[in-house]
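*Asks:* take a look and give me a structure for this.
(4 chains)
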Number of protein chains: 2
Amino acid sequence: MKRTNGTAERKNRTTILDIARRAEVAPSTVSNALSGRRYVDPQIAERIRKVAAEEGYVPNSIARGLRSGKANAIGLLSSMPFGVAGGSSRLGFMMELAAAAAAYALQRGLALLLVPPMEAGRPPLQNFMLDGALVVEPFAGDPFIQQLVDYALPVVTIGKQPGGDDIPFIDLRSRETAELVFYHLIESGAQRIALMIGKSRRTSYIETQVIYIERMKQLGALPAIVEIAEEGGEQAGYEATRELLAKEKNIDAIFSFVDAFATGTCRAIRDAGLGVPEDIRVATRYDGPRARDNDPPITAVDLGLSDVAESAVKLLIDSIDGRQPGKKSLLAPPPRLVVRGSSS
Amino acid sequence: MKRTNGTAERKNRTTILDIARRAEVAPSTVSNALSGRRYVDPQIAERIRKVAAEEGYVPNSIARGLRSGKANAIGLLSSMPFGVAGGSSRLGFMMELAAAAAAYALQRGLALLLVPPMEAGRPPLQNFMLDGALVVEPFAGDPFIQQLVDYALPVVTIGKQPGGDDIPFIDLRSRETAELVFYHLIESGAQRIALMIGKSRRTSYIETQVIYIERMKQLGALPAIVEIAEEGGEQAGYEATRELLAKEKNIDAIFSFVDAFATGTCRAIRDAGLGVPEDIRVATRYDGPRARDNDPPITAVDLGLSDVAESAVKLLIDSIDGRQPGKKSLLAPPPRLVVRGSSS
DNA sequence: CTGAAAGCGCTTACAG
DNA sequence: CTGAAAGCGCTTACAG
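*Replies:* Prediction:
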């Protein structure tokens, strides 16, 4: 009896050697016959296939991977903290990307490995077999990116990493997104718009702030920017909004960028005895379940995440295959405003 | 110069042999020093760690996996067709399970591999490195399960596979779920309830039908069961409902089991000139975005999927580790009815 | 306590 | 056209 290979259930699996012995050929011939990579005498090939079928032979993908240097898998990572990326229903930005990325990756023969943010510490990437990774909205100096670069793994980021000039990315068009939102809020009558945004240095935050400040200057209005630690999630959005309303009396619109903040913002406005949208209009970026399910539903932006995910996987596959893509970045589809009760 | 190993980006990575040479010890000593698996003279261990750090050594997880027989990854598979599992926003049952399973698996040092249903053909499971898999609501004779069993991979199903008596599973308590829904519909005044359900032989469908028939008998009402091919998604739900309403005139409630069907059901009722819930009450099983975002929002059941996912991963890890768990199945949390506008 | 060897199961050059 | 050998990069017994 052969030794087991550690996993009780998988002991004694038929190997290519077993097939070779029974079919009386060399192991390499079995390999070639089964993979079709090289010509093998049709009669012999047929015999090999028959034996393999009889023995229930299944190739060991890890052994194959060691030789070929491919894991046939890519990771999807996010350093966005749990209060935001996850939350009670956990059906947000990252999972929408995950679903689309997984579907497309599978079409290309790759599995998608889901690496959610960890509550504490870094995920044990060491242990995972990956050919590359997608990173969702990394911030400047994101340790995730650093770790992947250390592992010499190809990376594509969804949303450029600030300063990550050598890393291929999908341009989420955050400037345009911000333009859309501010234009809408102003057009619907807002005079004094506040911006509530995450603290970390992610490109979407940075670009939104730039546009916000420009607009406020044009409008001759004083900017009111509140930066929130993302870990706080909805509760932090709530508290920040209460404070803001206590200090600034003439706010009549809030772009509460992160959807988790935005639901907190709505709650805070109501608790302050004010109405959404009558007294204060609210908008958020990601048009996910959180925005849609809120009462009232929150105006948001359709970012075309299915297309984003697909482009990202494409770029990553190019990078894994060592193809130097003409462009190191791809554009997301144009953002589309979805107006809802929170602002009209 | 060393040969590359196939992936352009990962050529010439430092190996344990490089470290061994530079630190003037045996490769096995490097392995032991770095893993801490065996005692190594502290001075030597320190030297090894220093060299490894300098060289930027990262262990090759595939090589490690070949030797140890572990991929440190589990799969999440669903044979539910795309119209149902996916759909435009793709944020459904499977993704909610995925998010929770991934988070818990990561805590246990495992990655979660997302294997969505393929449009055509079977996914290339051969190529994926897995220690086991979770299968979502398999039907009788599900080829996914067959494939996994052929690969001798441990499997846990979320929802028992009909006839799958040897496969550990999470009991989704579909009988109780059905009881809750029918009790609610009857209590809210329904006299003639129709059941609209998928065609394949999944446990949740089977159990729901059993309860439905019992209830109708008690009520002295004629059962009206419509079985729909799942691939049809919302459109099939729409068409089936139109046909049903054309044939049966006194239907005043529909349990449209699959959420994709249920939104079609609501649309069909309206197109027939009737109102939800005034003329016909509607309920569905999975309390996801689809049910919540519908107009009117659809009464549904909270199945506690986070707990379900966690239990499933636990059971799977037991099975992978060869531990014979006391129980081969675990119970989902009690289903909880979420009453919404579609039925009240 | 540590080293040298064998081996995980394939695939890839190298011979013939 | 096919076989025998080497090798992917680790870890696991086996020696000492």
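*Asks:* the spatially most central residue of chain A: what's it in contact with?
*Replies:* For chain A, A:V136 is the residue whose C-alpha lies nearest the centre (Cα atoms, centre = their mean; 3.9 Å). By Cβ atoms under 8 Å, 6 or more residues apart in numbering or on different chains, the contact list for A:V136 reads A:76-80, A:85, A:93-94, A:97, A:157-159. To be clear about C-beta, it is placed using only N, CA and C from the backbone, and glycine gets the same treatment.
*Asks:* please report phi then psi for it.
*Replies:* Torsion angles at A:V136 (phi, psi; degrees, to the nearest 10) stand at phi -90, psi 120.
*Asks:* pLDDT score assigned to it?
*Replies:* Looking at A:V136, its pLDDT reads 94.
*Asks:* find the residue closest to it in space, skipping its chain neighbours.
*Replies:* Excluding the flanking residues, the one nearest A:V136 by Cβ to Cβ, 6 or more residues apart in numbering or on different chains is A:S78, at 4.1 Å.
*Asks:* can you tell me which residues contact the one you found?
*Replies:* By Cβ under 8 Å, 6+ apart, A:S78 lies in contact with A:85, A:94, A:115-117, A:135-137.
*Asks:* one more: A:V135?
*Replies:* A:77-79, A:142, A:144-145, A:148, A:155-158, A:161.
*Asks:* gap between the closest residue to DNA strand C within the stretch 151-300 of chain A and B:P117?
*Replies:* In the stretch 151-300 of chain A, no residue comes nearer to DNA strand C than A:P154, which is 19.1 Å away by Cβ to the nearest atom of the strand. According to Cβ to Cβ, to the nearest Å, A:P154 stands 27 Å off from B:P117.
*Asks:* higher neighbour count, the two?
*Replies:* A:P154 (25 against 21; other Cβ atoms under 10 Å in any protein chain shown).
*Asks:* got a list of what the more buried one touches?
*Replies:* A:131-133, A:316, A:319-320, B:9.
*Asks:* over to A:D150?
*Replies:* B:56, B:58.
*Asks:* circling back to that earlier point, do you know the pLDDT at the residue nearest to A:V136?
*Replies:* pLDDT, read off for A:S78, is 85.
*Asks:* hey, where'd the helices end up in chain A?
*Replies:* Ranges of helices in chain A, per DSSP state H, are A:16-23, A:27-35, A:42-55, A:61-68, A:82-85, A:93-107, A:143-150, A:174-187, A:203-219, A:233-247, A:259-271, A:289-293, A:305-320.
*Asks:* verify the stated contact: A:G288 with A:F93.
*Replies:* Yes - here A:G288 lies in contact with A:F93, judged by Cβ atoms under 8 Å, at a distance of 6.2 Å.
*Asks:* which residues do those two both contact?
*Replies:* A:D259.
*Asks:* hang on, A:A283 packs against A:I298?
*Replies:* Yes - here A:A283 reaches A:I298: they are 6.7 Å apart, a contact under Cβ under 8 Å.
*Asks:* what sits in contact with each of these two?
*Replies:* With Cβ under 8 Å, 6+ apart, A:A283 and A:I298 have common neighbours A:262, A:342-343.
*Asks:* now the stretch 1-150 of chain A, which segments are flagged as low pLDDT?
*Replies:* Where the stretch 1-150 of chain A drops to pLDDT under 70, the residues are A:1-12, A:81-91, A:119-121.
*Asks:* among the shared contacts of A:A283 and A:I298, which one lies nearest to B:G36?
*Replies:* Distances from B:G36 to the shared contacts of A:A283 and A:I298, taken as Cβ to Cβ, are shortest for A:A262 (46.5 Å).
*Asks:* beta partners for the residue nearest to the centre of chain A?
*Replies:* As for beta bridges, A:V136 partners with A:S78, A:I158 under DSSP bridges.
*Asks:* separation between it and A:E96?
*Replies:* According to Cβ to Cβ, A:V136 and A:E96 sit 11 Å apart.
*Asks:* for A:R108, same thing?
*Replies:* Relative to A:E96, and taking Cβ to Cβ, A:R108 is found at 19 Å.
*Asks:* can you list the domain ranges for chain A.
*Replies:* Using automatic domain parsing, the domains assigned to chain A come out as A:2-59, A:71-172+A:305-334, A:174-303.
*Asks:* and the residue of the stretch 201-344 of chain A closest to chain B?
*Replies:* A:G322 (2.9 Å; Cβ to the nearest Cβ).
*Asks:* can you get me a residue count around that residue?
*Replies:* By the criterion of other Cβ under 10 Å, A:G322 has 14 neighbours.
*Asks:* pLDDT at it, what is it?
*Replies:* For A:G322, the model assigns a pLDDT of 76.
*Asks:* cool, and the one 4 residues further on?
*Replies:* If you check A:G326, the pLDDT there is 58.
*Asks:* touching DNA strand D at all, stretch A:140-153?
*Replies:* No - Stretch A:140-153 is not in contact with DNA strand D by Cβ under 7 Å from any atom of the strand; minimum separation 11.0 Å.
*Asks:* now do that stretch: distance from first to last residue.
*Replies:* End-to-end span of stretch A:140-153 (Cα to Cα, to the nearest Å): 18 Å.
*Asks:* ok, now stretch A:53-69?
*Replies:* In stretch A:53-69, first residue to last residue: 27 Å (Cα to Cα).
*Asks:* how about it, which residues are buried there?
*Replies:* Residues A:57-66, A:69 are the ones in stretch A:53-69 that count as buried (16 or more other Cβ atoms under 10 Å in any protein chain shown).
*Asks:* one more: stretch A:214-230?
*Replies:* Buried, per 16+ other Cβ under 10 Å, within stretch A:214-230: A:215-216, A:223-224, A:226, A:228, A:230.
*Asks:* and the pLDDT for the nearest residue to A:D259 once chain neighbours are set aside?
*Replies:* In space, and not counting its chain neighbours, A:D259 is closest to A:R290: 4.2 Å by Cβ to Cβ, 6+ apart. Looking at A:R290, its pLDDT reads 89.
*Asks:* pretty sure A:V30 contacts A:A52?
*Replies:* Yes - look at A:V30 against A:A52 with Cβ under 8 Å: they come within range, at 7.5 Å.
*Asks:* mind listing the shared neighbours of the two?
*Replies:* A:I19.
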